[in-house]
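**Student:** I'd like to go over a predicted model; first the sequence, then the structure.
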Protein chains: 2
Amino acid sequence: MANQSPRLDQIFAALADPTRRAIVMRLCAGEASVGELADPFDMALPSFMKHIHVLETSGLVQSEKAGRVRTCRLSPDALLGAEDWFQQQRAIWEARLDRFEAYVMKLKKEKERAAAKRPSRTTKRKGAE
Amino acid sequence: MANQSPRLDQIFAALADPTRRAIVMRLCAGEASVGELADPFDMALPSFMKHIHVLETSGLVQSEKAGRVRTCRLSPDALLGAEDWFQQQRAIWEARLDRFEAYVMKLKKEKERAAAKRPSRTTKRKGAE
DNA sequence: TCTATAGTTAGCTACATGGCTAACCAATCG
DNA sequence: CGATTGGTTAGCCATGTAGCTAACTATAGA
């Protein structure tokens, strides 16, 4: 099953912060330096750097330093990994809904057959879950 | 833009914990009581209840009490909301890739035209980003 | 070389999180 | 009624997180 994945932990934890989500959104539009990224935020640089670091250890962002400027870019693989998790859950959920629907249909069929046998009785029932 | 959404904060924060992800996965397969949910975990009930509460305030899970048993179910809307966020980011990312690819194609065309003009020069260049 | 720029390191505070125990309701069941 | 079960409340503790300032390093530009 392997869903104890510390990678997912880190990715979701990283995305739980609006500042960090904003950084990711910004980087979706293309790479940028730390300074450029930090500019819109009313926050001291060291605080901001911590966010960058969290994003980096989660694998969502990569960066490299050239001269005195560090350029950050998105690592789309990590984003896809998290998206996959949702899709898996949705698949399971939808499979369950299908099964449930099938069950309801079966009930309905049975009810109809019963109604055909003794058509006088009103086919009313509550609590179909 | 509205991506300061505290709802997303809470959803991602909720999913950052492996215990809570496991609960969500379990609930994808159908509703369950607190006791049933807690059973697989080696954790005191009050600690476990905190996780349930986090999931509930994030909107991922709903629950109601009948008699002395509380039954939990998944609220698929919240999950979809988070999934949407990824899809939006991916859309932006892919649009950028398209633009970038178009840009590379343009460069290539230009290079070819240049090469046609003076075919002697070797068309070698590094660092196209 | 001097200065300004772009990050970085260190170290602090306040608060949130995840876990525990102990004690406490409130429905069931015998 | 009395005991059991299923959950809840209260309160404690250790650790993690988000922010800050101050001081430092290292490159780029004048």
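**Tutor:** Great, that's in hand.
**Student:** what does chain A have sitting close to DNA strand D?
**Tutor:** For chain A, the residues in contact with DNA strand D (C-beta under 7 Å from any atom of the strand) are A:13, A:16-17, A:19, A:42-44, A:46-48, A:50-51, A:54, A:67-68. Yep, even glycine has a C-beta here, placed from its N, CA and C like the rest.
**Student:** State the pair within those residues that is farthest apart.
**Tutor:** Every pair in those was compared (C-beta to C-beta); the two farthest apart turn out to be A:16 and A:67, at 33.3 Å.
**Student:** The two - which one has more neighbours?
**Tutor:** When residue A:16 and residue A:67 are compared for neighbours, residue A:16 comes out ahead with 18 against 5, by other C-beta atoms under 10 Å in any protein chain shown.
**Student:** I'd assumed residue B:7 was in contact with the more buried one.
**Tutor:** No. Contact criterion C-beta atoms under 8 Å: residue A:16 and residue B:7 do not qualify, at 11.3 Å.
**Student:** quick one: the helices in chain A?
**Tutor:** Secondary structure of chain A, counting by DSSP state H: helices at A:6-15, A:18-28, A:34-38, A:45-58, A:76-117.
**Student:** Next, format those as TSV and append mean neighbour count and distance to residue B:85.
**Tutor:** TSV is the format used below for these (neighbours: other C-beta atoms under 10 Å in any protein chain shown; distance: least, C-beta to C-beta, whole Å):
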stretch	mean neighbour count	distance to residue B:85
helix A:6-15	19	8
helix A:18-28	20	8
helix A:34-38	17	19
helix A:45-58	16	15
helix A:76-117	13	9
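**Student:** export those helices to a markdown table and tack on distance to chain B and mean pLDDT?
**Tutor:** As requested, these are arranged in a markdown table below (distance: least, C-beta to the nearest C-beta, whole Å; pLDDT from 0 to 100):
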| stretch | distance to chain B | mean pLDDT |
| --- | --- | --- |
| helix A:6-15 | 4 | 93 |
| helix A:18-28 | 4 | 96 |
| helix A:34-38 | 16 | 96 |
| helix A:45-58 | 10 | 96 |
| helix A:76-117 | 4 | 78 |
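**Student:** right, so of these, which gets closest to residue B:92?
**Tutor:** Closest among the helices of chain A, using C-beta to C-beta: helix A:18-28, at 4.3 Å.
**Student:** Give me the distance from the closest one to the chain's centre.
**Tutor:** In terms of C-alpha atoms, centre = their mean, to the nearest Å, the centre of helix A:18-28 is found 15 Å from the chain centre.
**Student:** how far away is residue A:63 from DNA strand D?
**Tutor:** Going from residue A:63 to DNA strand D by C-beta to the nearest atom of the strand, to the nearest Å gives 15 Å.
**Student:** Looks like that residue contacts residue A:74 (just checking).
**Tutor:** No. The pair residue A:63 / residue A:74 is not scored as a contact, 10.4 Å apart, by C-beta under 8 Å.
**Student:** Need the overlap of contacts for those two.
**Tutor:** Residues touching both residue A:63 and residue A:74 by C-beta atoms under 8 Å, 6 or more residues apart in numbering or on different chains: none at all.
**Student:** which one of those two has more residues nearby?
**Tutor:** With neighbours defined as other C-beta under 10 Å, residue A:63 and residue A:74 compare such that residue A:74 has more, 23 against 17.
**Student:** The more buried one pairs with what?
**Tutor:** For residue A:74, the beta-bridge partners are residue A:61 (DSSP bridges).
**Student:** where does it land on pLDDT?
**Tutor:** On the pLDDT scale, residue A:74 is placed at 95.
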